[in-house]
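Novice: quick one, structure for this:
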Amino acid sequence: QVQLVESGGGLVQAGGSLRLSCAASGRTFSRYSMAWFRQAPGKEREFVAAVNWNSGRAYADSVKGRFTISRDNAENTVYLQMNNLKPEDTAVYSCAVSRQFMVRATSGYDYWGQGTQVTVST
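Specialist: Numbers count the residues shown, from 1 in each chain. Here you go, the predicted structure:
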């Protein structure tokens, strides 16, 4: 059974940093793209960042230069380093895995975690 478990969320002041982790189990995802999405209250889930199997990366414009996605294939884990956080980054952050190459649409992802809350205060 495939399982994705996120951790590292919390409450942080604007300008602060957080590092999210997503540990995958149940199969090896070394040849898959791994990504982070987020969903704020009352809004659609949106793409944040993705990393493919050979560490190619893609970012949403809103987080480019502030967030860094990385992966450890040996540990079946994907990370999201978030710096210079803003109140508009407040959301539930979820990781996802896709057989497709660096897709940004939610429909392109095969497995999802439950999410971790990130709250950025002013």
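Novice: now the spatially most central residue of the chain, nearest residue through space, not along the chain?
Specialist: The residue lying closest to the centre of the chain (Cα atoms, centre = their mean) is residue 36, at 2.1 Å. Beyond its immediate neighbours in the sequence, the residue positioned closest to residue 36 (Cβ to Cβ, 6 or more residues apart in numbering) is residue 48, lying 4.3 Å away. No exception for glycine: its C-beta is placed from N, CA and C like everyone else's.
Novice: these two touch, right, that neighbour and residue 60?
Specialist: Yes: using Cβ atoms under 8 Å, residue 48 is in contact with residue 60, at 5.5 Å.
Novice: who has more neighbours out of those two?
Specialist: Remark: of residue 48 and residue 60, residue 48 carries more neighbours, 25 against 16, as counted by other Cβ atoms under 10 Å.
Novice: confirm that one sits in a helix?
Specialist: No: read with DSSP: H, G, I helix; E, B strand; the rest coil, residue 48 is strand and lies in no helix.
Novice: on that earlier part again, pull the contacting residues for the residue nearest to the centre of the chain.
Specialist: 20, 22, 48, 49, 50, 69, 78, 80, 93, 94, 95, 96 (Cβ atoms under 8 Å, 6 or more residues apart in numbering).
Novice: which residues of this protein fall in strands?
Specialist: The residue ranges that make up the strands of the chain, judged by DSSP state E, are 3-7, 10-13, 18-25, 33-39, 46-51, 57-59, 67-72, 77-82, 91-98, 111-112, 116-121.
Novice: buried ones in the first one?
Specialist: Yep, that's strand 3-7 we're talking about. Of the residues in strand 3-7, 4, 6 count as buried by neighbour count, 16 or more other Cβ atoms under 10 Å.
Novice: show me what that strand is packed against.
Specialist: Under the contact criterion of 3 or more Cβ pairs under 8 Å, 6 or more residues apart in numbering; DSSP states H and E, strand 3-7 touches strand 18-25, strand 91-98.
Novice: most tightly packed of those?
Specialist: Among these, the stretch with the highest mean neighbour count (mean count of other Cβ atoms under 10 Å) is strand 91-98, at a mean of 23.
Novice: any idea how far that one is from the chain center?
Specialist: A distance of 5 Å separates the centroid of the chain from that of strand 91-98, by Cα atoms, centre = their mean, to the nearest Å.
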